[in-house]
Every structure is written in C-alpha cells, then in structure tokens.
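In: The amino acid sequence is not available; the structure is as follows:
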C-alpha cells in the first residue's frame, strides 16, 4: 500500500504526458506541461509524481525536480484549489497591491502564503511581475488574469468559487437590482449600560 505522500498519477494523465514529447522539438520541452498536468490532478507535486513524470518522458528525475523547484507556479506542498497569484511588483504596489493582498488574506482566512483556507478552497502567493502593469493592481486566478483589482472584485471572485454566485450573469443581475445612490444601513439598537 502506498503512503499518502506517494500518490501515483492516473493512467489517463500518464498517457497524456507520454504524448507530449511529440509536440516539441526537444523532449525536455515537455517537462513543464507534464508537471502542469500532474499538479492539476494532484493539487501539488509529490516526489512520486515527479518521478513518474520523469519515467513517462524518459528523462533524469533530477532534471524534472530541478524544473519543478525552479518555477514558482509549481507547488511541492498542498495549496488551495483556487490560488490567488497577486502581483506585488512596483506598478501594482503603487496602485494598492499590498492592500489587495491584505484583503485576500482576511477574506480567505489565512495569515501567510503557506496556509490554506479552512475549507481547502483558497490560498495565495505574492508574485513578481505578471506582465500587465498598465492594468495594476492585477493577479492571476484559475489560469485567468484579473485587472484593476478592488476589494469588491476579490469578494465577488471568492463568492463565485464558493458557489454563492454561480455565474457572471448572476453577478450582473445582482448589481442591476441594487438601488442607485447611497444605501442607508439600519442602525443597531444601543445597549444600555448595566448598573454597577
């Protein structure tokens, strides 16, 4: 019986990985897409998964591990199903990226980038430039870039992934139903001080 940290890749994923070298001029060029497939299936790269990728591509396991440890988009520890990659480079930092990171941490309930939310859905990472400085602050989430970030935009993305808001159409419909102008919130009744 295999221990949990030696999770094997499925036969389907291994077959996909074995087909990759034919798509590239050099077999080593298939390592990154192969690791991406393995990580997509397992959530992170285990030593056993990296060894299986190396065997499927007929490459040295040390080379495959070197690629996996060099690139920050590969994870050797468990991460959330949805990972926020928030750019904190200069352009994004000047336009509020640090506040966005603070909001993400608070909204998903973590304090550090090596933590995963209690529901296992979210984690975050501060990253260097993602190449969209003109749209700062920005981030990548679920293989898509999100631009001109606000706290409200972060909250919407989290709600969508938690299943609270199912589609962008529902988000637009909710926004359309919102009343125009300032909304007055009901005031909570004041509590009387207890007599000492």
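Out: Yes, it's here. Nothing here was measured: the structure is a model prediction, and the numbers come from that model. Residues are numbered from 1 along each chain as shown.

In: Go through stretch 18-34 and flag the buried ones.
Out: Applying a neighbour-count criterion of 16 or more other Cβ atoms under 10 Å, one finds 20-21, 30-32, 34 buried in stretch 18-34. Any C-beta I mention is one placed from the backbone N, CA and C, and that applies to glycine too.

In: again, but for stretch 53-63
Out: Neighbour-count burial for stretch 53-63, counted by 16+ other Cβ under 10 Å, picks out 53-54, 56-57, 59.

In: got it, and stretch 37-52?
Out: Buried residues in stretch 37-52, counting neighbours by 16+ other Cβ under 10 Å, are found at 37-39, 42-43, 45-46, 48-52.

In: Turn these into a markdown table, columns for secondary structure.
Out: Below are those laid out as a markdown table (DSSP: H, G, I helix; E, B strand; the rest coil):
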| residue | secondary structure |
| --- | --- |
| 37 | helix |
| 38 | helix |
| 39 | helix |
| 42 | helix |
| 43 | coil |
| 45 | coil |
| 46 | coil |
| 48 | helix |
| 49 | helix |
| 50 | helix |
| 51 | helix |
| 52 | helix |
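
In: Among those, show me the least confident.
Out: Within these, the minimum per-residue pLDDT falls on residue 43 (86).

In: Switch the buried residues of stretch 18-34 over to a markdown table, and while doing so, append secondary structure and distance to residue 152 to every line.
Out: Compiled in a markdown table, the buried residues of stretch 18-34 are given as follows (DSSP: H, G, I helix; E, B strand; the rest coil; distance: Cβ to Cβ, whole Å):
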| residue | secondary structure | distance to residue 152 |
| --- | --- | --- |
| 20 | helix | 40 |
| 21 | helix | 45 |
| 30 | helix | 41 |
| 31 | helix | 39 |
| 32 | helix | 35 |
| 34 | helix | 38 |
